[in-house]
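> the following comprises the amino acid sequence and a computationally predicted model.
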Amino acid sequence: MIHNQIRVRQLNVRPPLFLAPMAGLTHSALRSLLLSFGGVGLLSTEMLSARRLPAESALSSPYLIRTAGEYPLSYQLLVAAVEEVVPAVEILHRLGADAIDLNLGCPAPRVRQAGGGSSLMADPARVRRIVATARRHTSLPLTAKIRLGEALDEQILQEFCRMLAGEGIDLLTVHARLRREPFGRKPRWEWVGRVKQWLKIPVIANGGVCSVATARDCLRISGADGLMIGRAAVEKPWVFAEIAKEVYGEGTGSREIDLPRIYLEMVTALAARFSPERRLGRLKEFTHYFARNYMFGHHLAMAVQSSNSLEEAWSRALAFFARHAPDSCLPESVPNTGSDRLSAGPG
Ligand SMILES: Cc1cc2nc3c(=O)[nH]c(=O)nc-3n(C[C@H](O)[C@H](O)[C@H](O)COP(=O)(O)O)c2cc1C
C-alpha cells in the first residue's frame, strides 16, 4: 500500500520523495529550483566531509549556503572515523539541519581511500560506533544511505541493515546497486524489497527512478516506503512534482516547463549565491544533465563546458536555445538507461 507521507521522529516527509545527495549538484541553487516546482518531501545537501566541516563557513561555503525556503533539508555527512562525529553533529545542529544522513555507500576511490563511503560497509564494527555516537548526540532524524554491498550476499546485507536499525538509524535509503555497478546497469529494486522485509524502519528505494512510470515500477517491485531521486532531478527539475501528483495525489501547483527560463533561473541563482570562482563549475555540472532535454544537447553541454565565465556560458546557452527546440519536455520523462559520465559514480 502506498502512503503519501512518512513520519521520521519530529519530521513529516510528505510526499515521501527524497532528493538524493549529489556532489557538485545538490547545492542551494538546485534545491531552490526544485522547490519552485514542488513535490520534494526532503531536500539534501551534497556529502559533507565531517573532518573538514569545522573549517567551512556557513555564510560563504558553497556546501553550506542555504536560503530560508530550503526546508526540510537533510545534511549528508561523510564520516571516516568515530572522532569526527560529535564535532560534525554539533555544527549541523547550529546550522539548523532538519535531518542528518550518513553516507555509507559512496564508491568513489578517493572517498574509500579516506576510509569513508562504501568502504565502511566492510567494517561494520566501526559503523556501529559511528552510528551509536551520532545517535547519542542528536535527536534529529538520523538516516543512512547504502549500496547493496560488494557482492549480492543476503546474510551480510541483512546483518548490516539490522545493525544500523538497532543502533538507532531512523530511515534507510538503499541505492539498488552493488559497489562496482555502473549507473547504466538496471537497478536491483527487488533487493530493496528484501531490505524492507527485514526492517521496521522506513526503507527508501534509490536508483533509476526518473519518471512517473519508473516510480510506479520501483514502488511495485520494492514495496519501499518512498523514493529517492538523483540525476533525474537535475535533468528534469519538475520530476518530483509529476510523481507527487500522479503517484501520491499531491497537487503542487502548475509551473510551466520552459527550459530556457529554468536554465536562466539556475544561472541567476548561482550568481546570487556563490562567489565568481564557484559558479561556473556548478553550471557545467548542471548542464551535463539538463542538456539531455534536447536532441542536440551535447552541443549545449560542450558550449558551456568550454566557457570561461558564467556570462559567456549564458550567452552561448542563449544562442543554443534560439536554434533548438527541446527534444521532449512533456510531463512524462523518458527513462534514461544510457551510460553516464560518472558511470561508476558516487553513491
Ligand atoms: C554527480 C553525482 C554525485 C553524487 N554524489 C553523492 C553524494 O554526495 N552522496 C551520496 O550518498 N550519493 C551520491 N551520489 C549518488 C546518488 O545519491 C544516487 O544514489 C545515484 O545517483 C542513483 O540515483 P539516481 O539513479 O536517481 O541518480 C552521486 C551521484 C552523482 C551522479
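That came through, no problem.
> ends of stretch 136-146, what's the gap?
Length of stretch 136-146, first residue to last, C-alpha to C-alpha, to the nearest Å: 21 Å.
> what average pLDDT does it get?
Across stretch 136-146, pLDDT averages out at 98.
> how about that stretch: buried residues?
Within stretch 136-146, the residues scored as buried using 16 or more other C-beta atoms under 10 Å are 137-138, 140-146. The C-beta positions use only the backbone N, C-alpha and C, and glycine is treated the same way.
> can you give me the strands for the stretch 51-200 of the chain?
All strands of the stretch 51-200 of the chain, identified by DSSP state E, counting those that start in this stretch, fall at 73-78, 99-103, 142-149, 171-178.
> okay, those strands in TSV with distance to Glu84 next?
Output for those, formatted as TSV (distance: least, C-beta to C-beta, whole Å):
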stretch	distance to Glu84
strand 73-78	8
strand 99-103	11
strand 142-149	15
strand 171-178	21
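> distance to the ligand for those - can I get that in a markdown table?
Converted to a markdown table, the strands of the stretch 51-200 of the chain look like this (distance: least, C-beta to the nearest ligand atom, whole Å):
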| stretch | distance to the ligand |
| --- | --- |
| strand 73-78 | 6 |
| strand 99-103 | 5 |
| strand 142-149 | 5 |
| strand 171-178 | 4 |
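> which of the ones you listed sits closest to Val203?
Counting by C-beta to C-beta, Val203 lies closest to strand 171-178 out of the strands of the stretch 51-200 of the chain; the figure is 5.4 Å.
> for that closest one, enumerate the helices and strands it packs against.
Other helices and strands packing on strand 171-178, by 3 or more C-beta pairs under 8 Å, 6 or more residues apart in numbering; DSSP states H and E, are strand 142-149, helix 154-166, helix 189-198, strand 203-206.
> the closest residue to Leu157 other than its chain neighbours and Arg162, how far apart?
In space, Leu157 comes closest to Gly149 once its chain neighbours are excluded; the distance is 5.5 Å by C-beta to C-beta, 6 or more residues apart in numbering. Here Gly149 is placed at a distance of 14 Å from Arg162 (C-beta to C-beta, to the nearest Å).
> what of Val86?
Applying C-beta to C-beta, the value for Val86 to Arg162 is 25 Å.
> quick check: residues of the chain near the ligand?
Residues of the chain that fall close to the ligand, judged by C-beta under 6 Å from any ligand atom: 20-25, 46-47, 76, 103, 105-106, 145, 175, 206-209, 229-232, 342, 345-347.
> among these, name the buried ones.
Neighbour-count burial (16+ other C-beta under 10 Å) applied to the residues of the chain next to the ligand gives 20-25, 46-47, 76, 103, 105-106, 145, 175, 206-209, 229-232, 342, 345-347.
> list the buried residues in the lowest-mean-pLDDT helix or strand in the chain.
Here the helix or strand of the chain ranked lowest by mean pLDDT, DSSP states H and E is helix 109-113, holding a mean of 88. Buried residues in helix 109-113, defined by neighbour count with 16+ other C-beta under 10 Å: 111-112.
> equivalent analysis for stretch 272-280, please.
For stretch 272-280, a neighbour-count test (16+ other C-beta under 10 Å) marks 273-274, 279-280 as buried.
> circling back to that earlier point, out of the helices and strands packed on strand 171-178, which is closest to Asp123?
The closest of the helices and strands packed on strand 171-178 to Asp123 is helix 154-166. By C-beta to C-beta, the value is 10.4 Å.
> could the C-alpha coordinates of the closest one be exported in PDB?
Coordinates of each C-alpha in helix 154-166 appear next as PDB, following Å, rounded to 0.1, in the frame of the first residue of the first chain:
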ATOM      1  CA  GLU A 154      21.900 -11.700   1.700                       C
ATOM      2  CA  GLN A 155      23.400 -12.500   5.100                       C
ATOM      3  CA  ILE A 156      26.000  -9.800   5.100                       C
ATOM      4  CA  LEU A 157      23.500  -7.200   3.900                       C
ATOM      5  CA  GLN A 158      20.800  -8.300   6.400                       C
ATOM      6  CA  GLU A 159      23.200  -8.200   9.300                       C
ATOM      7  CA  PHE A 160      24.500  -4.700   8.300                       C
ATOM      8  CA  CYS A 161      21.000  -3.300   7.900                       C
ATOM      9  CA  ARG A 162      19.700  -4.800  11.100                       C
ATOM     10  CA  MET A 163      22.700  -3.400  12.900                       C
ATOM     11  CA  LEU A 164      22.000   0.100  11.500                       C
ATOM     12  CA  ALA A 165      18.400   0.000  12.700                       C
ATOM     13  CA  GLY A 166      19.400  -1.500  16.000                       C
END
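> just give the nearest non-adjacent residue to Tyr263, would you?
Nearest non-adjacent residue to Tyr263, counting by C-beta to C-beta, 6+ apart: Ala317, 5.9 Å away.
> what does Ser32 give?
Ala269 (5.7 Å).
> point out where the stretch 201-347 of the chain drops to low pLDDT.
327-347 (pLDDT under 70).
> let me see the ranges of the helices in it.
Assigned helices in the stretch 201-347 of the chain, in chain order: 212-222, 231-235, 239-248, 259-273, 276-290, 297-305, 310-323 (criterion: DSSP state H, counting those that start in this stretch).
> in TSV: these, plus distance to Glu56.
Shown next, in TSV, are the helices of the stretch 201-347 of the chain (distance: least, C-beta to C-beta, whole Å):
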stretch	distance to Glu56
helix 212-222	34
helix 231-235	23
helix 239-248	28
helix 259-273	15
helix 276-290	13
helix 297-305	27
helix 310-323	23
